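> Structural data only, the sequence is not supplied:
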Ligand SMILES: Cc1ncc(C[n+]2csc(CCOP(=O)(O)OP(=O)(O)O)c2C)c(N)n1
């Protein structure tokens, strides 16, 4: 821990000199430190595996930095403290794992309605219910299609390496504040628990000018941050405003990465840890003469549908790989329609697909799509 | 201003003894006739005036009939999910150490769905003030039984009267909170008559002053009316409040730890 802390400090903006060497960081701790370096003013959390190190890191570092840390009585407590802190304009981080995120769903909806920027980290574990503490991606639906009630969306960023997670934390604060919306970093147990060498590139997003934050009215008209609009006409107008905002986010914030797609005949679609496994499978496949590539969504909402649809016609199949029963696969099918066959390989409950399994699935996809029946 | 304050050039001879508080907006209220929220809003407004707190106040509105408190109290406000106001207030308090922070919650909000949030805000000794309006019923949703409903009381969800064998007993949550070392002040008042309203105002004043003095959580439970939910006229409601409700919920200051020796908090 001490070594890590010293290492993390070395990565801070002041210390970043020519001698920056990669340091070994655990995902949870790297995300926590990235938030601190991004100017996070307040953190609220409740212990849960596999994200507890994130809370523990904040418990030590936030007071050291003169910032707010509160271990709440529950995830309900944590997320509502976040709501209150965000209402005052604080830069707020909350983290949990799947069961805790379910408890936070109510406040997510309230924060979307009252347009409060908060960054949430979900280090997903196996479900449903208490499930397992193994890594999982089975909260994809929850993250991308809605946690709480009502017509709202939440931008979701999915890192597939610890270094990328560090960068996405700053991006998440920026998106949250620019659009006044809760924003989620969707990681999985592997991302949270693994240690990787990183050259942390911390970034502190600029603060937006005061305009809506609560500070005490002191000479200006009082401000009210609310999600209640009892008149249906009024609420519909507010909902239209939110939808317009979501359209803007969908136009401007889509992120994805392609690897070896130029000559690929089959593309694996995967994010987070699944993308890491896929990468290994792709290397092996290419060594054996199968031209595979990787399409990796980084924003899960907004989903990179247009980009995927543009790539698809050149391919004989898409193979979706997930740590779930197949949730991402629905967005992939929506994006490409009938233009290309969409196949799926996944493991559940805390199990991680092996590169060998993925390679086998790719071979089957290759065999199924061979011959004149497939027009390309 | 509402207190006896000199006004005008001949201030010595003419004194305004009752007026419209600055911290109460001039608009018609959505509350039902005989509802106590209006009186309690006014007490809060008078105290925001008298303690000159308006400019630095951040209120937390809860879910219940009083969710519209922000329409009547012209201060910065954030709306909380049902029951979570003490957690929301915690977030506000921790990020704005200089603000004056209060929640305004009903008994369904505070003593049912929000029990964990109020108890743990108390346990942490959050420097917030809680106005807890106990009308013994879920007013906003149409008069259902609350944890605070009196034994035998008929509500839309206890149509034959609250039966302890089925629905348990009224929850003395303010007494429970008074046991917690993080609570610096806890009191129970009533709005059943002008004298009691004056005493309740003194309690809320003390609760606010405790926050200003750096104390922990301060809470005033205010016994209030819900004529529509109770199926009584406004006058009958006041009588019921004065004679029956107080038997279950005795009035008075339950704890004032700022007055007690400091060992109290240190030991806790
Ligand atoms: C999660 C959730 N559950 C239920 C409700 C419905 N609801 C609105 S107000 C209320 C109770 C309010 O009663 P109380 O706190 O006693 O305040 P009053 O209306 O009597 O002033 C309930 C149950 C809600 N808004 N949210």
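Received it, and whenever you're ready, just let me know what you need. Here the structure is a predicted model, which means the values were calculated and not measured. Residues are numbered from 1 along each chain as shown, chains lettered A, B, ... in the order given.
> ok, how many other residues are close to the residue nearest to residue A:67 when sequence neighbours are not counted?
Leaving aside its chain neighbours, residue A:67 sits nearest to residue A:41 (5.6 Å; criterion: C-beta to C-beta, 6 or more residues apart in numbering or on different chains). In short, each C-beta sits where N, CA and C put it, glycine included. Residue A:41: 21 surrounding residues under other C-beta atoms under 10 Å in any protein chain shown.
> so who does residue A:41 touch?
A:67-68, A:85, A:90-92, B:95 (C-beta atoms under 8 Å, 6 or more residues apart in numbering or on different chains).
> let's go with 10 Å and repeat that
A:35, A:62, A:65-68, A:85-86, A:88-93, B:94-95 (C-beta atoms under 10 Å, 6 or more residues apart in numbering or on different chains).
> Same check on residue B:61?
With contact set as C-beta under 10 Å, 6+ apart, residue B:61 has these partners: A:224-226, A:228, B:67-71, B:73, B:77-80, B:85, B:88, B:103-105.
> now that we're looking at it, how far away is the ligand from it?
11 Å (C-beta to the nearest ligand atom, to the nearest Å).
> ok, now residue B:86?
13 Å.
> Show me where the stretch 1-150 of chain A has its helices.
Using DSSP state H, counting those that start in this stretch, the helices of the stretch 1-150 of chain A run over residues A:2-10, A:27-37, A:52-64, A:75-87, A:98-113, A:140-145.
> Beta-bridge partners for the closest residue to residue A:214 other than its chain neighbours, please?
The spatial neighbour of residue A:214 that comes closest, neighbours along the chain excluded (C-beta to C-beta, 6+ apart), is residue B:76 at 4.1 Å. Beta bridges link residue B:76 to residue B:58, judged by DSSP bridges.
> rewinding a little: could you list which of the contacts of residue B:61 belong to helices?
Taking DSSP state H, the ones among the contacts of residue B:61 that sit in helices are B:69-71, B:85, B:88.
> For burial, what's the neighbour tally of residue A:97?
Applying other C-beta under 10 Å, we find 28 residues neighbouring residue A:97.
> so who does it touch?
For residue A:97, the contacting residues are A:47-52, A:54, A:75, A:121-125, A:127, A:131, A:133, A:136, A:139, A:187-189, A:192, by C-beta under 10 Å, 6+ apart.
> picking up where we left off before, turn the buried ones among the contacts of residue A:41 into a named PyMOL selection, would you?
To isolate the buried members of the contacts of residue A:41 in PyMOL, using 16 or more other C-beta atoms under 10 Å in any protein chain shown:
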select buried, (chain A and resi 35+62+67+68+85+86+88+89+90+91+92+93) or (chain B and resi 94+95)
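> Nearest to residue B:22 among the contacts of residue A:41?
residue A:88 (23.7 Å; C-beta to C-beta).
> Quick check, pLDDT for residue A:226.
For residue A:226, the pLDDT comes out at 98.
> My understanding was that it contacts residue B:70; is that so?
Yes - between residue A:226 and residue B:70 there is a contact under C-beta atoms under 10 Å: 7.2 Å.
> List the residues that are in contact with both of those two.
Shared contacts of residue A:226 and residue B:70 (C-beta under 10 Å, 6+ apart): B:61, B:77-79.
> Which members of these occur in strands, if any?
In strands, judged by DSSP state E, the following of the shared contacts of residue A:226 and residue B:70 are found: B:61, B:77-79.
> mind putting those residues in JSON lines, pLDDT and distance to residue B:176 included?
Shown next, in JSON lines, are these (pLDDT from 0 to 100; distance: C-beta to C-beta, whole Å):
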{"residue": "B:61", "pLDDT": "98", "distance to residue B:176": "24"}
{"residue": "B:77", "pLDDT": "98", "distance to residue B:176": "28"}
{"residue": "B:78", "pLDDT": "98", "distance to residue B:176": "26"}
{"residue": "B:79", "pLDDT": "98", "distance to residue B:176": "26"}
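> name the element residue B:187 belongs to?
For residue B:187, the host element (DSSP states H and E) is strand B:183-190.
> one step back: out of the ones in helices among the contacts of residue B:61, who's the most crowded?
residue B:88 (34 neighbours).
> ok, it - contacts?
Counting by C-beta under 10 Å, 6+ apart, residue B:88 makes contact with A:77, A:79-87, A:107, A:110, B:58, B:60-62, B:78-81, B:101, B:103, B:117, B:121, B:128.
> Name the nearest residue to it, ignoring sequence neighbours.
residue A:84 (3.8 Å).
> Repeat that for residue A:245.
Counting by C-beta to C-beta, 6+ apart, the residue nearest residue A:245 is residue A:179, at 5.8 Å.
> Can you tell me how far that neighbour is from the ligand?
For residue A:179, the distance to the ligand - C-beta to the nearest ligand atom - is 26 Å.
> The strand holding residue B:187 pairs with which strands?
Partners of strand B:183-190 in its sheet, by DSSP bridges: strand B:217-223 (parallel), strand B:252-256 (antiparallel).
> how about the strands of chain B, start to end?
Under DSSP E, chain B gives strands at B:5-6, B:15-16, B:57-61, B:76-79, B:100-106, B:129-134, B:137-138, B:144-145, B:183-190, B:217-223, B:252-256.
> can you tell me which of the ones you listed comes nearest to residue B:205?
Nearest of those (C-beta to C-beta): strand B:217-223, 9.5 Å.
> Pull up the gap between the residue of the stretch 101-250 of chain B found nearest chain A and residue A:185, please.
Closest contact between the stretch 101-250 of chain B and chain A, by C-beta to the nearest C-beta, is at residue B:120 (3.7 Å). Residue B:120 sits at a distance of 26 Å from residue A:185 (criterion: C-beta to C-beta, to the nearest Å).
> These two: which is more packed in?
residue A:185 (26 against 19).
> What about the closest residue in space to residue A:95 that isn't next to it in sequence, how many residues nearby?
Spatial nearest neighbour of residue A:95, chain neighbours left out: residue A:121 (3.9 Å); criterion: C-beta to C-beta, 6+ apart. Residue neighbour count, defined by other C-beta under 10 Å, stands at 29 for residue A:121.
> Using neighbour counts, trim the shared contacts of residue A:226 and residue B:70 to the buried set.
B:61, B:77-79.
> just to revisit the earlier point, ok, so of the contacts of residue A:41, who is nearest the ligand?
The closest of those to the ligand turns out to be residue A:86 (C-beta to the nearest ligand atom; 20.0 Å).
> give the contact list for that closest one.
Residue A:86 is in contact with A:41-42, A:92, A:94, A:111, A:114-119, A:176-177, A:180, A:182, A:213-214, A:225, B:78, B:88, B:91-92, B:95, counting by C-beta under 10 Å, 6+ apart.
> can you rerun that using 7 Å?
Listed by C-beta atoms under 7 Å, 6 or more residues apart in numbering or on different chains, the contact set of residue A:86 reads A:92, A:111, A:116-118.
> Nearest to the ligand: which residue in the stretch 101-250 of chain A?
Of all residues in the stretch 101-250 of chain A, residue A:106 sits closest to the ligand, at 6.6 Å by C-beta to the nearest ligand atom.
> if I look at that residue, how far off is chain B?
5 Å (C-beta to the nearest C-beta, to the nearest Å).
> List, one by one, the residues from chain A near chain B.
For chain A, the residues in contact with chain B (C-beta under 7 Å from any C-beta of the partner chain) are A:41-42, A:68, A:70, A:72-74, A:76-77, A:80-85, A:87-88, A:90, A:106-107, A:110, A:114, A:214-219, A:222-228.
> Local confidence estimate at residue 135?
Looking at chain A here, since you left the chain open. Residue A:135 carries a pLDDT value of 97.
> that answer is for a different chain, and I need it for chain B
pLDDT, residue B:135: 98.
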